[in-house]
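> give me the fold of what follows.
(one chain, ligands or ions: 1)
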Amino acid sequence: MNPALETLLLAFSGSDPLPVPDRALFIGAEPHPDFATWPGLTGWQPIKHRAEGWDKAGLTRVDDLPEGRWPVVLVLPGKSRDEVLASFAMARARLEPGGTLVAAMPNTIGAGRFEKNLAKATGSIRSIQKNKCRAFYATEDGSWDETLFAEWYELTLSHQIPGTDYTTRAGIFSSEHIDPGSKMLVDHLPGNLSGRVADLGGGWGFLSAEALRRSPKIKELDLFESDARALDCARLNLTGDARVSYHWHDVVNGLPGSYDVILMNPPFHTGHATRIDLGKAFIKTAAASLRRGGVLYLVANRQLPYEAVLEEGGLTFRRVAEDKTYKLIIAEKRG
Ligand SMILES: C[S@@+](CC[C@H](N)C(=O)[O-])C[C@H]1O[C@@H](n2cnc3c(N)ncnc32)[C@H](O)[C@@H]1O
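Reported below is the predicted structural model:
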């Protein structure tokens, strides 16, 4: 169970608890057994596997953050400053007059600092510290600093990466710049890719866009991405190219088709912990989904031990480029 969610729910159970509301919106929704007694709870969760967890618990979910007003809005925000402040603004915009905004997050991402940010906008705030997390909540009383919320609302809007036509938004991978690892990969992409291509963890579409631009013979490209917000940006960045299909999909679960070419810069950071397993799972999925003779283009931080997984997957590979941070591997399925 997410310790931030455990802490958030203490606001509704400890001494002087908030009443469980008739209706509530949950931004960044994650399931909890306590929600069985919440009558009108609607969740929004852009990350695929978390959304599936919410659905499995039998709770009500919406794909797009709904418009409307709720007496209580719960928030489990992401990690980056802009994403947290944007989620406060999204919550505020959906709060009924006199409604309560309840947020929680781990101390490691700066919960104390974000509590101060929210307190600056709301005046008074109540706070609970437990499970190495902080929950804090404020009830709208007509005195909130709407100018500050309006400033944070700007962070919810998509924007362009300076010097490019690429659109991104706060909270998604590489939202302010092109990732240098991905740049290394496209610098080594040939112009003769063809057939069916998959982009695993395609983000806002950089690898796909550059591959499609260089290789007119690509027939179809499937972009698989678990973050619905990134996928929405990819739709804007690749708009008008009929070869592309977009999949809100957890790559760990394998792919529905097989491919001539697979591109990827696999994820390996979850919060502040390095999660090598996710990258390994991406490689296993790629190995299982390449056709015979198919080629994988993989960029990764150079210290990550992915070579053994490539071998186990029956791929022959060579390291074609590296710098002090990244390595670029091209692997082929021979068998
Ligand atoms: C290192 S980023 C690369 C993004 C993009 N390809 C680029 O080059 O800018 C990895 C991407 O994988 C996505 N991701 C993480 N876990 C995933 C999963 N289980 N299934 C699909 N995508 C995932 C992340 O949201 C992120 O967009």
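> for this structure, which residues are neighbours of the ligand?
173-174, 179, 182, 201-203, 206-207, 224-227, 230, 250-252, 265, 267, 278 (C-beta under 6 Å from any ligand atom). Every residue, glycine included, has its C-beta placed from N, CA and C.
> ok, 5 Å please
Neighbours of the ligand within the chain, by C-beta under 5 Å from any ligand atom: 173-174, 179, 182, 201, 203, 206-207, 226-227, 230, 250-252, 265, 267.
> weed out the non-buried ones from those.
Using 16 or more other C-beta atoms under 10 Å as the burial test, those include 173-174, 179, 182, 201, 203, 206-207, 226-227, 230, 250-251, 265, 267 as buried.
> helix or strand right after the longest helix seen in the chain?
Across the chain, the longest stretch assigned as helix under DSSP state H is helix 276-289. The element immediately downstream of helix 276-289 (helix or strand, assigned by DSSP states H and E) is strand 290-301.
> now do that next one: distance to the chain's middle.
Its chain's C-alpha centre and that of strand 290-301 lie 23 Å apart, by C-alpha atoms, centre = their mean, to the nearest Å.
> hmm, back to that, in helices, which of the buried ones among the residues of the chain next to the ligand fall?
182, 206-207, 230.
> any chance of a markdown table for those, columns distance to P106?
Listed next are these as a markdown table, based on distance: C-beta to C-beta, whole Å:
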| residue | distance to P106 |
| --- | --- |
| S182 | 28 |
| F206 | 29 |
| L207 | 31 |
| A230 | 22 |
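> name the nearest of those residues relative to the ligand.
S182 (3.3 Å; C-beta to the nearest ligand atom).
> quick one: contacts for that closest one?
Contact analysis of S182 by C-beta atoms under 8 Å, 6 or more residues apart in numbering lists 174, 206-207, 265, 299.
> so which bits of stretch 154-169 are buried?
So stretch 154-169, judged by 16+ other C-beta under 10 Å, has buried residues 155-156, 161, 166-169.
> in CSV, list the C-alpha atoms belonging to it.
Output in CSV follows, covering the C-alpha atoms of stretch 154-169 (Å, rounded to 0.1, in the frame of the first residue of the first chain):
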residue,chain,number,x,y,z
GLU,A,154,-0.5,27.7,-16.2
LEU,A,155,1.7,24.6,-15.3
THR,A,156,-1.2,22.3,-16.2
LEU,A,157,-1.1,23.5,-19.8
SER,A,158,1.0,22.0,-22.6
HIS,A,159,4.0,23.9,-23.8
GLN,A,160,6.8,23.6,-26.4
ILE,A,161,10.3,22.6,-25.7
PRO,A,162,12.3,25.7,-26.5
GLY,A,163,13.9,25.7,-30.0
THR,A,164,11.6,22.8,-31.2
ASP,A,165,8.1,22.2,-32.3
TYR,A,166,7.6,19.5,-29.7
THR,A,167,4.8,19.8,-27.2
THR,A,168,5.0,18.4,-23.7
ARG,A,169,3.5,19.1,-20.3
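> quick one: residues in contact with that stretch.
Contacts of stretch 154-169 (C-beta under 8 Å, 6+ apart): 82-83, 85-86, 89-90, 170, 174-178, 204-206, 209, 229, 232-233, 236-237.
> swap the cut-off to 6 Å and go again
Stretch 154-169 is contacted from outside by 82, 85-86, 89-90, 170, 175, 204, 229, 233, 236-237, using C-beta atoms under 6 Å, 6 or more residues apart in numbering.
> try stretch 50-66
Contacts for stretch 50-66 (C-beta under 6 Å, 6+ apart): 29-31, 42-45.
> quick one: which of those residues is the most crowded by neighbours?
When neighbours are counted by other C-beta atoms under 10 Å, A29 leads the contacts of stretch 50-66 with 27 neighbours.
> check for me that it belongs to a strand.
No: counting by DSSP: H, G, I helix; E, B strand; the rest coil, A29 falls outside a strand, being coil.
> from what I can see it touches I47, true?
No: in this structure A29 lies outside contact range of I47 using C-beta atoms under 6 Å: 10.0 Å.
> picking that back up, between the contacts of stretch 154-169, which is nearest L76?
M90 (12.3 Å; C-beta to C-beta).
> which secondary structure elements does the strand or helix carrying that closest one contact?
M90 belongs to helix 81-92 when assigned by DSSP H and E. Contacts defined by 3 or more C-beta pairs under 6 Å, 6 or more residues apart in numbering; DSSP states H and E place helix 81-92 against strand 23-27, strand 70-75, helix 146-153.
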